[in-house]
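Engineer: Here you go, sequence then predicted model.
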Amino acid sequence: MQQRTIGSRAVSAIGLGGMPMSIEGRPDEARSTATIHAALDAGVTLIDTADAYHLRADDVGHNEELIAEALRSYGADTSEVLVATKGGHLRPGDGSWTQNGRPEYLKEAAKASARRLGVESIGLYQFHRPDPNVPYADSIGAIRDLLDDGVIQMAGISNANVAQIDEANAILDGRLVSVQNQFSPAFRSSLPELDRCAALGIAFLPWSPLGGIRRAGDMGRQHSTFQEVADGRGVSPQQVALAWELALAPVVIPIPGASRTQSIEDSVRAAELSLTADELAVLAELSQAA
């Protein structure tokens, strides 16, 4: 699979989002493990997770532990796999989401994530979502401290706007390596952030790049132009959507969620799908009209 770069690390152009394996409707552990192993077999070397990817209040970090165990049981070298996790977003266990961007909390959360992942230093740690009750600079200052102290190897942010990207990069002394925002054919409001990342050489990791867990399977029905291009190529509209995102900038690394081997195997093929100038022009017109 073609590769892209996060900081100093080369990773696969398509990553694996672990969230569907741990929240509502999550599959059994055997199927989740098989999905992760299938991703590794297909050349995926970026796996996205978070301590908040869980169901109940008593299983915080479920997805982190699931991924760690799947890597241990893979039976082959996984040293090139970059596991990116996040902190600062919480699920109390009632289906809701809350934020905690307090520096002392983020520092302890990162250390807890490292223990669950079974690593001394987290490869990539991202501030999950701004906390309206905590100054953004204070939260990012904690991420800087984690980086300086070696608790994490690289630092990123998620759900950020352009001003926050610039502020975080300044606080981190130019060491911001990734921004993880929602972006898909149905959700393009993060295009300014994508463009800013491209200008700075920072990896842009679209989450829900196929529209989310419930909408990914309806890509062709929701976006007829993507279906038309897919039909002409004999591929899935999901592959076309991911290939379109990859073509937007060399910093884009989509992280589609998956809980079935077939899903991630199909997504990975997008990395080798080179859309023509005419196809991209048609999809660009759709983008401008959306």
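Structural biologist: That came in fine, so what should we check first?
Engineer: Now do the strands in the stretch 151-290 of the chain.
Structural biologist: 155-158, 176-180, 203-204 (DSSP state E, counting those that start in this stretch).
Engineer: For A270, find the nearest of these.
Structural biologist: A270 lies closest to strand 203-204 among the strands of the stretch 151-290 of the chain, at 15.9 Å (C-beta to C-beta). Every C-beta, even on glycine, is put in place using the N, C-alpha and C of the backbone.
Engineer: now that closest one: mean pLDDT?
Structural biologist: For strand 203-204, mean pLDDT rounds to 99.
Engineer: hmm, who's touching that strand?
Structural biologist: 4-7, 156, 177-179, 181, 183, 193-194, 197-198, 249, 251-253 (C-beta atoms under 8 Å, 6 or more residues apart in numbering).
Engineer: what's the answer for stretch 137-152, then?
Structural biologist: 88, 101-104, 106-107, 110-111, 114, 121-125, 127, 130-131, 153-155, 157, 167-168, 171-173, 175.
Engineer: Of the contacts of strand 203-204, select the buried ones using a ChimeraX command.
Structural biologist: Applying 16 or more other C-beta atoms under 10 Å to those leaves a buried subset, and the ChimeraX line that selects it is:
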select :4,6,7,156,177,178,179,181,183,193,194,197,198,251,252,253
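Engineer: what's the next secondary structure element after the host helix or strand of R31?
Structural biologist: Element membership of R31, judged by DSSP states H and E, is helix 29-41. Downstream of helix 29-41, the next assigned helix or strand under DSSP H and E is strand 46-48.
Engineer: ok, V44 to S189 distance?
Structural biologist: 27 Å (C-beta to C-beta, to the nearest Å).
Engineer: neighbour-wise, which of the two wins?
Structural biologist: The neighbour count for V44 versus S189, taken as other C-beta atoms under 10 Å, is higher for V44 (25 against 11).
Engineer: Now do the contacts for that one.
Structural biologist: V44 touches M1, S12, I14, G15, L16, V81, I264, V268, counting by C-beta under 8 Å, 6+ apart.
Engineer: where in the protein is pLDDT low?
Structural biologist: 216, 286-290 (pLDDT under 70).
Engineer: hey, where'd the helices end up in it?
Structural biologist: Ranges of helices within the chain are 29-41, 62-72, 103-117, 136-148, 162-171, 191-200, 219-222, 224-233, 237-248, 261-268, 277-289, based on DSSP state H.
Engineer: winner for burial among these?
Structural biologist: Most buried of the helices of the chain, by mean neighbour count (mean count of other C-beta atoms under 10 Å): helix 237-248, with a mean of 25.
Engineer: quick one: which of the contacts of V44 is most hemmed in?
Structural biologist: I14 (31 neighbours).
Engineer: how close does that one sit to L117?
Structural biologist: 21 Å.
Engineer: Could you do V81 as well?
Structural biologist: The gap separating V81 from L117 is 11 Å, by C-beta to C-beta.
Engineer: now A163
Structural biologist: Taking C-beta to C-beta, one finds A163 at 31 Å from L117.
Engineer: about what we covered before: any chance of JSON lines for the helices of the chain, columns distance to I213?
Structural biologist: Output for those, formatted as JSON lines (distance: least, C-beta to C-beta, whole Å):
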{"stretch": "helix 29-41", "distance to I213": "14"}
{"stretch": "helix 62-72", "distance to I213": "14"}
{"stretch": "helix 103-117", "distance to I213": "23"}
{"stretch": "helix 136-148", "distance to I213": "27"}
{"stretch": "helix 162-171", "distance to I213": "26"}
{"stretch": "helix 191-200", "distance to I213": "22"}
{"stretch": "helix 219-222", "distance to I213": "13"}
{"stretch": "helix 224-233", "distance to I213": "18"}
{"stretch": "helix 237-248", "distance to I213": "13"}
{"stretch": "helix 261-268", "distance to I213": "10"}
{"stretch": "helix 277-289", "distance to I213": "23"}
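Engineer: so which of those helices gets nearest T49?
Structural biologist: Ranking the helices of the chain by proximity to T49 (C-beta to C-beta) places helix 62-72 first, at 4.7 Å.
Engineer: Show me what that closest one is in contact with.
Structural biologist: Contacts to helix 62-72, defined as C-beta under 8 Å, 6+ apart, come from residues 18-19, 21-22, 29, 32-33, 36-37, 40, 47, 49-51, 53-55, 78, 81, 83, 85, 113, 116-118.
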